[in-house]
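Participant: A predicted structure for the sequence below; I have some questions about it.
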Amino acid sequence: MPKYLMEAKFTPQGVQGLRNEGGTSRRDVVEKAVASVGGTVESFNFAFGEFDTYTIMEMPDNGSAAAVSMAITGSGAVMTRIVVLLTPEEVDTVRQSVDYRPPRC
């Protein structure tokens, strides 16, 4: 199954909810949401910096990943960004020649 990185940033409303419910509750909610579309959570971590959480998920497809992201962002308490992750083996299969010219200075 393809892997995805979901980066999430809490809004002020979301921070208040996090303080009320705790971190493990948020992890459990995300795991349930991902499972509802046939996926699994490999890791869920809080962090300092631009994003508040980083979640690595295995999902059936891009549509499933987008559905989870839109459901979470649609709550208004969290903003998410999804990154498609590639394995080293997938990168090894990229052998196509691309006709590209960089911008000229």
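Facilitator: Structure received. Small disclaimer: the values here were computed from a predicted structure and weren't measured.

Participant: got the contact list for residue 79?
Facilitator: 8-9, 11, 73 (CB atoms under 8 Å, 6 or more residues apart in numbering). In short, each C-beta sits where N, CA and C put it, glycine included.

Participant: ugh, wrong one, residue 84
Facilitator: So residue 84 contacts 2, 4, 62, 65 (CB under 8 Å, 6+ apart).

Participant: With residue 93 as the reference, measure out to the second one.
Facilitator: Look at residue 4 and residue 93: by CB to CB, to the nearest Å, they are 19 Å apart.

Participant: These two: who's more crowded?
Facilitator: residue 4 (23 against 9; other CB atoms under 10 Å).

Participant: The more buried one - nearest residue in space that isn't next to it in sequence?
Facilitator: The shortest distance from residue 4 to any non-neighbouring residue, by CB to CB, 6 or more residues apart in numbering, is to residue 65 (4.7 Å).
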